[in-house]
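S.K.: What follows is a predicted protein model with its sequence.
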Amino acid sequence: MTKRPSLFSPKTAAPAQQAEPAPVAPTVQPEVADARSDPAPAPVRYPKASTREGKRVVTAYISPEAFRQLKRIAADEDRQQQDLLLEGINAVFEKRGLSRIA
C-alpha cells in the first residue's frame, strides 16, 4: 500500500506514486421480503420523564446578560429556571385575560 499524497503537495504527482484504486466488493441484492410475512420494525421509543409526558418544548434566545440574571434569580430563590419561565408565561396569559395554564 502506498502513502497518500499530502493535500498541500503540488498536484503534479507521478503516476507511480498515486495510490491504486481499492478493489470493488461485489454487490449483493437484498431479498425482497413479502409484506405480509415481515412487518416493519417499530420505531425506537426512548424513555421520557413522567413530568414531561404530554408537554411540548418552547425555546427562546436571550442575551448572555439576561441568561445570567435568570440563573441568579433561580439560585437566590432556590428554584429552577423552568419554574421562573413558567411564571413568566403565566403572567403573559394573565395580562391578556387568558387562563394561567402553563
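M.R.: That came in fine, so what should we check first?
S.K.: Arg72: helix or strand, and which one exactly?
M.R.: Using DSSP states H and E, Arg72 sits in helix 64-76.
S.K.: So what touches that helix?
M.R.: Under the criterion C-beta atoms under 8 Å, 6 or more residues apart in numbering, residues Ile62, Gln80, Gln81, Asp83, Leu84, Leu85 lie in contact with helix 64-76. Where C-beta positions appear, they are placed from N, C-alpha and C, glycine not excepted.
S.K.: can you tell me how far Ala66 sits from Ala75?
M.R.: 15 Å (C-beta to C-beta, to the nearest Å).
S.K.: meant to ask about Ser63, not that
M.R.: On the measure of C-beta to C-beta, Ser63 and Ala75 end up 19 Å apart.
S.K.: when you compare where the longest helix along the chain runs with where helix 64-76 runs, what's the angle?
M.R.: In terms of residue count, the longest helix belonging to the chain (DSSP state H) is helix 81-95. Computed by axes from the mean of the first three to the mean of the last three C-alpha atoms, to 10 degrees, the angle separating helix 81-95 from helix 64-76 equals 100 degrees.
S.K.: hmm, who's touching helix 81-95?
M.R.: Contacts of helix 81-95 (C-beta under 8 Å, 6+ apart): Val58, Leu70, Lys71, Ile73, Ala74, Glu77, Ser99, Arg100, Ile101, Ala102.
S.K.: Check the offset of it from the chain's centre.
M.R.: 26 Å (C-alpha atoms, centre = their mean, to the nearest Å).
S.K.: Tell me where the model's unsure across this structure.
M.R.: 11-38 (pLDDT under 70).
S.K.: can you do 90?
M.R.: 1-54, 102 (pLDDT under 90).
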